[in-house]
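Participant: Let me see the structure of the following:
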Amino acid sequence: MIKTILFDLDGTLLPIDLDNFLKIYFEEMGKKFQDLIEAKTLVKYIMTATDSMINNTEYKTNETVFMEKFGELVQSDLGTYRKRFDEFYDREFFAVKSSVVNTPLIRDSVNLLKDKGYDLIIATNPLFPAKAIHHRIRWSGFEPEDFIYITSYEKNHYCKPQLQFYREVLEETGKNPQECLMVGNDVQEDLIAAKLGVETYLITDFMIQHASEPINPTYRGTYSDFHRFVQGLPQLETDQVQKMA
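Facilitator: Now for the predicted structure:
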C-alpha cells in the first residue's frame with residue numbers, strides 16, 4: 001500500500017518552461033560573473049562540472065564534486081566564485097520565476113495528499129543548492145516544511161538517473177520502496193525508480209524523454225489525471241494519528 005509520495009520538482013511539482021528557465025538562468029549567471037569570466041566560458045564550465053556530478057559514482061556530495069571540477073576549470077580563487085554563486089541564489093536567481101507555469105491542479109493534488117496523511121518527499125535531481133530548491137518549492141505554493149525530506153547538492157551524493165540516488169533517499173528516510181510512489185515527468189530520470197520496487201507515475205504535460213526506449217510507468221497521465229488519481233487514494237487514518245501524537 002502506498003504511504004509515501006516522492007515528487008520531482010521542475011516539470012512536475014513546479015510546472016515550468018524549461019527552455020525559458022535555462023535561458024534566463026544562464027543570462028543572469030553570466031551578468032553576475034561578467035567581471036570574472038566570459039559568459040560563454042562560464043556556461044561551458046558549469047555544464048562540465050554538472051556532468052561530473054551526474055556521472056559521479058563515488059561517495060562524495062554533489063557540491064564537492066561540482067566545486068572540485070569547477071575549480072580545476074577556472075584555475076582561480078574558488079572562494080570568490082563560491083561567494084558569487086551564493087549571492088546569485090539569494091538575488092538574481094529569482095528572475096527565473098517568470099518561467100513558472102501556473103497549474104493549480106498539482107497544488108490541489110499535493111494538498112489533498114497532505115490532508116490524507118501521506119508523507120511527501122522532494123526527490124529533485126540534486127544539482128542545485130538547498131536554497132535554490134527551497135525557492136522553487138515556495139514558487140510551487142508550498143513550504144520546505146511540508147516535506148519530510150528534500151534532496152540538494154549539499155546533502156546528496158548521487159544524481160538521477162543513477163539508482164543509487166533513489167537508494168540514498170529511501171535509506172535516509174527509512175522508507176520501504178514497495179510503499180512509495182515516484183511522481184515525475186522525466187522518462188529516464190524518474191521511472192528508473194521502478195527498478196527498486198517503487199511504483200511510478202509519469203506526468204505527461206511537460207514530459208521529457210531522452211531516448212526512444214519503451215515508456216513503462218505504473219501510471220501515467222496529465223495533471224488532471226493525477227488529480228483524479230489522488231482523489232481515489234485512501235485516507236491514511238493511522239498515519240495521521242501518529243503524526244498528531
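
Participant: the domain parsing of the protein - what is it?
Facilitator: Taking automatic domain parsing as the reference, the chain has its domains at 4-16+101-244, 18-97.

Participant: I'd like these laid out as CSV, including mean pLDDT.
Facilitator: Shown next, in CSV, are the domains of the chain (pLDDT from 0 to 100):
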stretch, mean pLDDT
domain 4-16+101-244, 94
domain 18-97, 96
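
Participant: So which of these is the most surrounded?
Facilitator: Greatest average neighbour count among the domains of the chain goes to domain 4-16+101-244 (a mean of 18), per mean count of other CB atoms under 10 Å. Placement of C-beta: from N, CA and C, glycine included.

Participant: the longest helix in the protein is where?
Facilitator: Criterion DSSP state H: the longest helix present in the chain is helix 39-55.

Participant: what's that helix packed up against?
Facilitator: helix 18-32, helix 62-74 (3 or more CB pairs under 8 Å, 6 or more residues apart in numbering; DSSP states H and E).

Participant: let's see it at 10 Å
Facilitator: On a contact count with 3 or more CB pairs under 10 Å, 6 or more residues apart in numbering; DSSP states H and E, helix 39-55 meets helix 18-32, helix 62-74, helix 78-90.

Participant: relative to helix 39-55, how tilted is the first one?
Facilitator: Here helix 18-32 points in a direction 120 degrees away from that of helix 39-55 (axes from the mean of the first three to the mean of the last three CA atoms, to 10 degrees).

Participant: Same question for the last one.
Facilitator: Computed by the same axes, to 10 degrees, the angle separating helix 78-90 from helix 39-55 equals 90 degrees.

Participant: Work out the gap between helix 78-90 and the centre of the chain.
Facilitator: Here the centre of helix 78-90 is set off from its chain's centre by 21 Å, with CA atoms, centre = their mean, to the nearest Å.

Participant: nearest to Val101, of the helices and strands packed on helix 39-55?
Facilitator: Val101 lies closest to helix 18-32 among the helices and strands packed on helix 39-55, at 9.6 Å (CB to CB).

Participant: what's next to that closest one, contact-wise?
Facilitator: Here helix 18-32 makes contact (CB atoms under 10 Å, 6 or more residues apart in numbering) with 10-11, 14, 16-17, 37-43, 46-47, 84-85, 87-88, 91-101, 132, 136, 185, 206, 208.

Participant: Put the alpha carbons of it into CSV.
Facilitator: Extracted in CSV, the C-alpha atoms of helix 18-32 (Å, rounded to 0.1, in the frame of the first residue of the first chain):
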residue,chain,number,x,y,z
LEU,A,18,12.4,24.5,-19.1
ASP,A,19,13.9,26.2,-22.1
ASN,A,20,12.9,29.6,-20.8
PHE,A,21,14.2,28.7,-17.4
LEU,A,22,17.6,27.8,-18.7
LYS,A,23,17.8,30.8,-20.9
ILE,A,24,17.1,33.2,-18.1
TYR,A,25,19.3,31.3,-15.6
PHE,A,26,22.4,31.4,-17.8
GLU,A,27,21.8,35.0,-18.8
GLU,A,28,21.6,36.1,-15.2
MET,A,29,24.5,33.9,-14.2
GLY,A,30,26.6,35.5,-17.0
LYS,A,31,25.8,39.0,-15.8
LYS,A,32,26.7,38.1,-12.2
